[in-house]
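A.B. asks: A predicted structure for the sequence below; I have some questions about it.
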Amino acid sequence: MMGAAGMRIVFIGPPGAGKGTQAVRLANQLQVPHLSTGEILREACRLQTEIGAQACQTMAAGGLVSDELVQQMVATRIEEKDCQQGYILDGFPRTLRQAEMFDALLAQRCAVLDVVLNIRVEEHELLKRLAGRGRQDDDTMVIKNRLEQYEILTHPLLSYYLDRGKLHAVDGHASPDRVHAEILQIMHQVSESKGNSCSN
C-alpha cells in the first residue's frame with residue numbers, strides 16, 4: 001500500500017453505510033489525515049478564524065453553511081503540513097457544485113482527486129441499521145426522508161465522478177473487515193495506474 005501515499009481520496013456513502021468507520025480505518029493504515037467536514041467546521045468555530053466565525057453565525061441561526069465557506073475551510077485545511085502526503089475527505093464534497101469547485105481548487109495547485117469510494121448499501125439494510133441505533137429521531141419516516149434527501153443530492157455527484165473515471169463502488173453489505181479489504185484492493189489498483197497530474 002505504499003503506492004497509495006500522496007493520494008487524495010473522497011468517501012461517499014449514505015447514513016448507516018459505515019463510511020466514517022471505513023474512512024478512519026483507511027486513514028490510519030495510510031497514515032494520512034481523516035478530514036471530516038463536521039470536524040473542520042467545529043475546529044474553525046473553536047479557533048474563531050474569520051471563516052469560522054462566519055460559519056458559526058450561520059449555524060447558530062439555523063442556516064446551512066454555504067458551499068463557498070465550506071470550500072474555503074477545506075482549502076485552508078488541506079494546505080496544512082500533515083496533508084502534503086495525502087488525505088481522506090469524509091463528508092465533502094456533498095454536492096455537484098462543491099465537487100466542481102474542489103476540482104478547480106486542486107487544478108490551481110497542480111493536483112487532482114485520485115479516487116472516490118462510494119460505499120453502497122441497499123435501503124432496506126440502511127433502515128435496519130439506522131433503526132438499530134435506537135435514537136429517538138430515527139423512526140422509519142425520518143430515516144426514509146434522510147435517505148431520500150441523500151439520494152437527491154448525491155446522484156449528480158456520483159455521475160460527475162463516474163464520468164471522470166474516479167468513482168469506485170464498494171459493497172457495504174459485507175462485514176467491516178471485508179469492506180476494508182475491498183477498499184484496499186481498489187486503492188492498490190488505483191495507485192498502480194496513478195500518474196502525474198501536471199507536466200513539467
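C.D. replies: In hand now; what should we look at?

A.B. asks: and the strand or helix carrying Val74, what does it pack onto?
C.D. replies: Element membership for Val74 (DSSP states H and E) is helix 67-78. Packing partners of helix 67-78 (3 or more Cβ pairs under 8 Å, 6 or more residues apart in numbering; DSSP states H and E): strand 34-36, helix 37-47, helix 50-60, helix 96-108. Where you see a C-beta, it was placed from the backbone N, CA and C, and this is true even at glycine.

A.B. asks: what about Val112, neighbour count?
C.D. replies: By other Cβ atoms under 10 Å, the residues close to Val112 number 17.

A.B. asks: next: Leu153.
C.D. replies: 13.

A.B. asks: so what's it up against?
C.D. replies: 94-95 (Cβ atoms under 8 Å, 6 or more residues apart in numbering).

A.B. asks: if I look at it, how far off is Gln84?
C.D. replies: Leu153 is 30 Å from Gln84, where distance means Cβ to Cβ, to the nearest Å.

A.B. asks: and if you look at Glu125?
C.D. replies: Applying Cβ to Cβ to Glu125 and Gln84 gives a distance of 38 Å.

A.B. asks: pretty sure Gly86 sits against Leu26.
C.D. replies: No - between Gly86 and Leu26 there is no contact under Cβ atoms under 8 Å: 10.6 Å.

A.B. asks: which of the two has more residues huddled nearby?
C.D. replies: Leu26 (22 against 19).

A.B. asks: which strand or helix spans that one?
C.D. replies: helix 19-30.

A.B. asks: burial of the nearest residue to Thr140 once chain neighbours are set aside, as a residue count?
C.D. replies: Among residues not flanking Thr140 along the chain, Leu127 sits closest, at 6.5 Å (Cβ to Cβ, 6 or more residues apart in numbering). Neighbourhood size, Leu127 [other Cβ under 10 Å]: 16.

A.B. asks: any idea how far His173 is from Leu127?
C.D. replies: 13 Å.

A.B. asks: before we move on, back to that, ok, which of the helices and strands packed on helix 67-78 comes nearest Ala181?
C.D. replies: Judged by Cβ to Cβ, the one of these that comes nearest to Ala181 is strand 34-36, at 18.9 Å.

A.B. asks: the closest one pairs with which strands, and in what direction?
C.D. replies: strand 87-90 (parallel) (DSSP bridges).

A.B. asks: list the contacts of the strand it pairs with.
C.D. replies: By Cβ under 8 Å, 6+ apart, strand 87-90 touches 8-11, 19-20, 23-24, 26-27, 30, 32-37, 74, 78.

A.B. asks: output that strand as PDB, nothing but the C-alphas.
C.D. replies: The C-alpha trace of strand 87-90 is given here as PDB (Å, rounded to 0.1, in the frame of the first residue of the first chain):
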ATOM      1  CA  TYR A  87      -5.600  12.900   2.900                       C
ATOM      2  CA  ILE A  88      -9.100  11.400   3.100                       C
ATOM      3  CA  LEU A  89     -12.200  13.600   2.800                       C
ATOM      4  CA  ASP A  90     -15.300  12.400   4.600                       C
END
